[in-house]
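K.L.:
I would like the atomic coordinates for the input below:
(one chain, ligands or ions: 1)
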Amino acid sequence: MLRYVTTNDGKVREAREYLGDGVEQLDFDYTEVQADDLGPIAAHGAREAYRHAGEPVLVDDAGLFIDGFDGFPGPYSAFVEDTLGVGAVQRLAARELDDERRAAFDCTLAYCDGDEFDATPDPVDRDDRVAAAATGAERDEQEGRALPVKLFTGTVRGRIVEPRGDGGFGYDPIFEHDGRTFAEMNAEEKNAVSHRGRALEKFAEWFQERSD
Ligand code: ITT
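P.N.:
Residues are numbered from 1 along each chain as shown. Prediction:
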């Protein structure tokens with residue numbers, strides 16, 4: 001059984017829509033290391049979640065990167081949603097930015113099942129001891145066994161708009177892609193174009209080939 005590691009029910013709905021019922025949520029709050037990219041955060045989470053669960057795990061780390069704010073909130077999107085709120089992000093973008101209200105939503109999926117496979121090269125420079133320690137890679141090496149992690153990424157471009165729609169979760173009401181906000185799409189429509197849908201597509205293809 002594949003465990004989709006997240007505390008966010010909205011992510012699980014979309015993953016199930018794509019991968020089917022063979023996916024179970026693992027409500028596990030892994031340590032979010034500090035990093036500018038989603039890759040090291042997801043890789044660390046996958047190693048920690050696999051050690052916790054002892055079963056194949058897929059970690060999903062996502063973020064909203066607003067052009068005019070130099071990519072902010074990016075990896076801090078969850079913290080910003082919990083503190084400022086989605087409405088405040090939209091109002092700030094409307095007040096401060098003109099053409100630069102364009103944004104990207106990124107998703108990184110990290111898979112780990114303890115097996116050796118053609119893992120993504122670790123998304124940190126192993127000569128950087130601090131960064132390597134943060135991802136757990138250094139600890140694995142000290143134990144004589146690096147846990148391989150495979151990463152799958154997806155991205156979608158859009159722009160920040162006044163909230164519209166009742167569907168989805170998180171920043172969906174203020175993220176418009178091709179004339180509709182993500183909150184105006186159902187899970188299937190969102191998956192067809194979204195950051196998560198694109199990452200899930202890559203994962204599903206690889207996972208299928210690997211089980212064949
Ligand atoms: P987990 O870490 O437990 O998976 P989370 O909600 O904290 O749950 P992230 O750190 O990946 O997950 O999410 C970053 C923020 O972006 C958070 O506020 C989410 O609600 C939001 N978010 C993630 N994916 C989203 C999506 O597809 N649409 C809208 N908002 C999304």
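
K.L.:
Lowest-scoring secondary structure element of this protein by mean pLDDT?
P.N.:
helix 137-142 (a mean of 56; mean pLDDT, DSSP states H and E).

K.L.:
right, and the helix or strand after that one?
P.N.:
Next along the chain after helix 137-142, taking DSSP states H and E as the criterion, comes strand 150-160.

K.L.:
what's the spacing between the helix or strand following that following strand and its chain's center?
P.N.:
For strand 150-160, the succeeding helix or strand toward the C-terminus, using DSSP H and E, is strand 175-177. Once both centres are worked out by Cα atoms, centre = their mean, to the nearest Å, strand 175-177 turns out to sit 17 Å from its chain's centre.

K.L.:
if we look at strand 175-177, which residues are touching it?
P.N.:
If you take Cβ atoms under 8 Å, 6 or more residues apart in numbering as the criterion, strand 175-177 is touched by 64, 103, 105, 156-161, 164, 181-182, 193-194. Placement of C-beta: from N, CA and C, glycine included.

K.L.:
Identify the bridge partners of the spatially most central residue of the chain.
P.N.:
Geometric centre of the chain, nearest residue: Asp61, 2.3 Å, by Cα atoms, centre = their mean. On DSSP bridges, the residues paired with Asp61 through beta bridges are Thr108.

K.L.:
Test my guess that Pro173 contacts Gly165.
P.N.:
Yes - with contact defined as Cβ atoms under 8 Å, Pro173 reaches Gly165; the gap is 5.4 Å.

K.L.:
Between the two, which contacts overlap?
P.N.:
Common contacts of Pro173 and Gly165, defined by Cβ under 8 Å, 6+ apart, comprise 181-183.

K.L.:
Is it possible to get a markdown table of these that adds secondary structure and neighbour count?
P.N.:
A markdown table is the format used below for those (DSSP: H, G, I helix; E, B strand; the rest coil; neighbours: other Cβ atoms under 10 Å):
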| residue | secondary structure | neighbour count |
| --- | --- | --- |
| Thr181 | strand | 24 |
| Phe182 | helix | 26 |
| Ala183 | helix | 20 |
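
K.L.:
Can you sort out which of the residues you listed also neighbour the ligand?
P.N.:
Near the ligand, judged by Cβ under 6 Å from any ligand atom, the entries from the shared contacts of Pro173 and Gly165 are Phe182.

K.L.:
for the shared contacts of Pro173 and Gly165, which one is nearest the ligand?
P.N.:
Phe182 (5.6 Å; Cβ to the nearest ligand atom).

K.L.:
ok, back up a step: Pro173 and Gly165: which has the busier surroundings?
P.N.:
Set Pro173 next to Gly165 and count neighbours by other Cβ atoms under 10 Å: Pro173 wins out with 22 against 16.

K.L.:
about what we covered before: now the shared contacts of Pro173 and Gly165 in JSON lines, with pLDDT?
P.N.:
Below are the shared contacts of Pro173 and Gly165 laid out as JSON lines (pLDDT from 0 to 100):
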{"residue": "Thr181", "pLDDT": "98"}
{"residue": "Phe182", "pLDDT": "98"}
{"residue": "Ala183", "pLDDT": "98"}
